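A.B. asks: One predicted model, sequence on top.
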Amino acid sequence: MSSGLRAEILLVGALVILGLLPGLLLGHAWAGLSLGLALGVMRLLWVVARLSLWLDRPEMPLPSPHAGGWLEDMGRRLRRARLAQRRRDRRWLRLIREYRRAADALPDAVLALDQDNRILGFNPAARQQLGLRQRDVGLPIDHLIRQPEFINYLQQGDWAREIEVPATDNPSQTLNVHIFPYELGRRLLIARDVTRLQRLQAVRQDFVANVSHELRTPLTVLAGYIETLLDTEDELPDDLQRILQHMHLQSERMRRIVEDLLLLSRLETTSPSEDQFGHVPVPSMLEAIAEVAEQLSAGEGHRIVREITPGLRMRGMPRELDSLFSNLVFNAVKYTPGAGTVTIRWLRDGRGLVFQVQDTGIGIAEHHIPRLTERFYRVDVGRSRSRGGTGLGLAIVKHVLLRHQGRLEVESTLGQGSVFTCIFPADLAMERGLS
């Protein structure tokens with residue numbers, strides 16, 4: 001029993017005795033007892049009434065510290081609770097202000113949206129980049145940003161990806177938009193100005209394309225002279241033959257790098273047109289690639305397994321798809337030890353059209369997987385060069401997939417092998433006699 005309740009019982013008991021004493025003195029004990037009980041009940045009713053009134057109107061002063069009994073104890077507890085709540089409120093308010101100042105300092109536009117995509121608030125950068133005003137709070141975001149790409153992004157609800165759209169007030173400015181869901185169906189929209197980054201990327205792509213183009217002719221001439229000299233190898237000393245053979249290998253490697261760079265530059269800087277799409281006989285293409293892979297394996301004894309759905313063709317760009325399939329299959333052969341297995345699959349399932357290459361090779365550590373499609377990125381530099389890799393194959397794969405609205409999935413376990421899966425939209429499928 002709390003001290004306040006004990007004091008209240010004693011106080012009510014004192015009131016009962018106080019009412020009983022006059023009754024005893026006047027010879028009316030029952031009347032005095034009734035008076036005392038009435039005083040006790042009135043006290044309790046007063047305590048309950050005060051507490052009820054305060055609960056209904058918390059802005060009222062708390063019970064006096066001199067009220068005595070249970071009311072005094074409750075008042076003391078409520079005062080402590082109110083002080084603690086005020087301290088918590090001040091602390092939360094301070095945190096909210098700090099977060100707000102941090103959001104205001106961000107160079108990226110930040111918007112909070114509710115479950116109906118209505119604007120709850122935004123930072124100053126959103127005013128500049130998206131042209132928002134304070135009166136826009138409460139309006140649906142798609143009423144203010146009306147680009148078709150953004151509307152589709154909102155409707156699809158695929159928050160794992162991000163999109164790029166032109167700024168509302170400045171079409172020459174490009175914004176990278178990403179939406180992150182958080183509690184109660186609310187979302188955080190972050191828009192970043194990537195205009196300068198895109199310009200730098202374009203400069204880099206132009207530079208690489210120009211340099212690659214300029215290198216192509218001298219490399220062709222150099223390789224031609226080396227091959228001419230190698231044709232007369234019977235007349236050359238052994239040391240010179242070895243030097244020329246090494247020069248030939250390196251010139252061929254440089255030629256492959258230049259060819260890959262030119263292809264990658266074209267994939268990055270041009271958009272595919274409908275007339276470039278044709279009927280691609282994928283099964284026969286994969287059969288031819290599998291035969292070349294067996295030749296590439298040479299004496300290493302790789303087992304090339306085909307699991308190819310006959311008659312399952314697709315609409316696409318044949319040369320680009322041939323490059324995609326070849327890169328993945330030849331990579332699997334290069335990075336699978338002798339007597340290992342490389343499985344080539346081509347099928348259609350609920351995901352769409354699926355091309356998959358599975359190997360029993362050396363595998364890839366998990367932290368390397370997100371960077372595999374970067375140009376010149378190598379997991380093992382020494383092994384890649386010794387196998388004749390250019391470091392551009394998976395970058396080409398990524399861009400070919402993007403031009404066919406496809407995606408790449410990679411699963412790998414060190415020491416056990418890897419699975420590279422390319423998924424194309426189902427509407428690109430063409431089975432025998434059907435489109």
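C.D. replies: It's in.
A.B. asks: how about stretch 315-328: buried residues?
C.D. replies: 315-317, 320-328 (16 or more other Cβ atoms under 10 Å). All C-beta spots, glycine's among them, are computed from the backbone N, C-alpha and C.
A.B. asks: ditto for stretch 293-308
C.D. replies: Neighbour counts over stretch 293-308 (16+ other Cβ under 10 Å) mark 293, 297, 302, 304, 308 as buried.
A.B. asks: hmm, back to that, which one of the buried residues of stretch 315-328 is nearest to Leu401?
C.D. replies: Among the buried residues of stretch 315-328, Leu324 lies closest to Leu401 (Cβ to Cβ), at 7.0 Å.
A.B. asks: what's the helix or strand for that closest one?
C.D. replies: In the assignment (DSSP states H and E), Leu324 maps to helix 318-334.
A.B. asks: Contacts for that helix next, please.
C.D. replies: Defining contact as Cβ atoms under 8 Å, 6 or more residues apart in numbering, one finds that helix 318-334 is touched by 263, 267, 278, 280, 282, 285-286, 289-290, 292-293, 296-297, 302, 304, 314, 342, 344, 355, 357-359, 361, 387-389, 393-394, 396-397, 400-401, 403-404, 418, 420, 422.
A.B. asks: Mark which of these are buried, thanks.
C.D. replies: Of those, these count as buried by 16+ other Cβ under 10 Å: 263, 267, 280, 282, 285-286, 289-290, 293, 297, 302, 304, 314, 342, 344, 355, 357-359, 361, 389, 393-394, 396-397, 400-401, 403-404, 418, 420, 422.
A.B. asks: Which of these fall in helices?
C.D. replies: Mapping those onto helices (DSSP state H) picks out 263, 267, 282, 285-286, 289-290, 293, 297, 393-394, 396-397, 400-401, 403.
A.B. asks: Now for the residues you listed: which two are most distant?
C.D. replies: Using Cβ to Cβ, these span at most 30.0 Å, a distance reached by Ser297 and Arg403.
A.B. asks: For Ala202, give me its contacts.
C.D. replies: Contacts of Ala202 were listed using Cβ under 8 Å, 6+ apart, and they are Thr269.
A.B. asks: Give me the distance between it and Gly131.
C.D. replies: According to Cβ to Cβ, to the nearest Å, Ala202 stands 26 Å off from Gly131.
A.B. asks: ok so, going back, now distance to Ile141 and pLDDT too, for the buried residues of stretch 293-308, in CSV please.
C.D. replies: Listed next are those as CSV, based on distance: Cβ to Cβ, whole Å; pLDDT from 0 to 100:
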residue, distance to Ile141, pLDDT
Ala293, 50, 91
Ser297, 55, 82
His302, 54, 90
Ile304, 52, 93
Ile308, 46, 95
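A.B. asks: Widest-spaced pair of those?
C.D. replies: It's Ser297 and Ile308 that sit farthest apart of the buried residues of stretch 293-308, by Cβ to Cβ, at 18.5 Å.
A.B. asks: which residue is nearest the middle of the chain?
C.D. replies: With distances taken as Cα atoms, centre = their mean, Ala160 lies nearest the centre of the chain, 4.3 Å away.
A.B. asks: give me the element that residue is part of.
C.D. replies: Per DSSP H and E, there is no helix or strand for Ala160.
A.B. asks: three-state assignment of the closest residue to Leu392 other than its chain neighbours?
C.D. replies: In space, and not counting its chain neighbours, Leu392 is closest to Asp260: 4.1 Å by Cβ to Cβ, 6 or more residues apart in numbering. Secondary structure state of Asp260, per DSSP: H, G, I helix; E, B strand; the rest coil, is helix.
A.B. asks: In contact with Ser251, which residues?
C.D. replies: For Ser251, the contacting residues are 219, 222-223, 226, by Cβ under 8 Å, 6+ apart.
A.B. asks: Format the CA atom coordinates belonging to stretch 249-265 as PDB.
C.D. replies: Extracted in PDB, the C-alpha atoms of stretch 249-265 (Å, rounded to 0.1, in the frame of the first residue of the first chain):
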ATOM      1  CA  LEU A 249      49.800 -11.800 -78.700                       C
ATOM      2  CA  GLN A 250      50.000  -8.300 -77.100                       C
ATOM      3  CA  SER A 251      48.800  -6.600 -80.300                       C
ATOM      4  CA  GLU A 252      45.900  -9.000 -80.500                       C
ATOM      5  CA  ARG A 253      45.000  -8.200 -76.900                       C
ATOM      6  CA  MET A 254      45.100  -4.500 -77.600                       C
ATOM      7  CA  ARG A 255      43.000  -5.000 -80.700                       C
ATOM      8  CA  ARG A 256      40.300  -6.900 -78.600                       C
ATOM      9  CA  ILE A 257      40.400  -4.100 -76.000                       C
ATOM     10  CA  VAL A 258      39.900  -1.400 -78.700                       C
ATOM     11  CA  GLU A 259      37.100  -3.400 -80.300                       C
ATOM     12  CA  ASP A 260      35.400  -3.800 -76.900                       C
ATOM     13  CA  LEU A 261      35.800  -0.200 -76.100                       C
ATOM     14  CA  LEU A 262      34.300   0.900 -79.400                       C
ATOM     15  CA  LEU A 263      31.400  -1.500 -78.900                       C
ATOM     16  CA  LEU A 264      30.800  -0.300 -75.300                       C
ATOM     17  CA  SER A 265      31.000   3.300 -76.400                       C
END
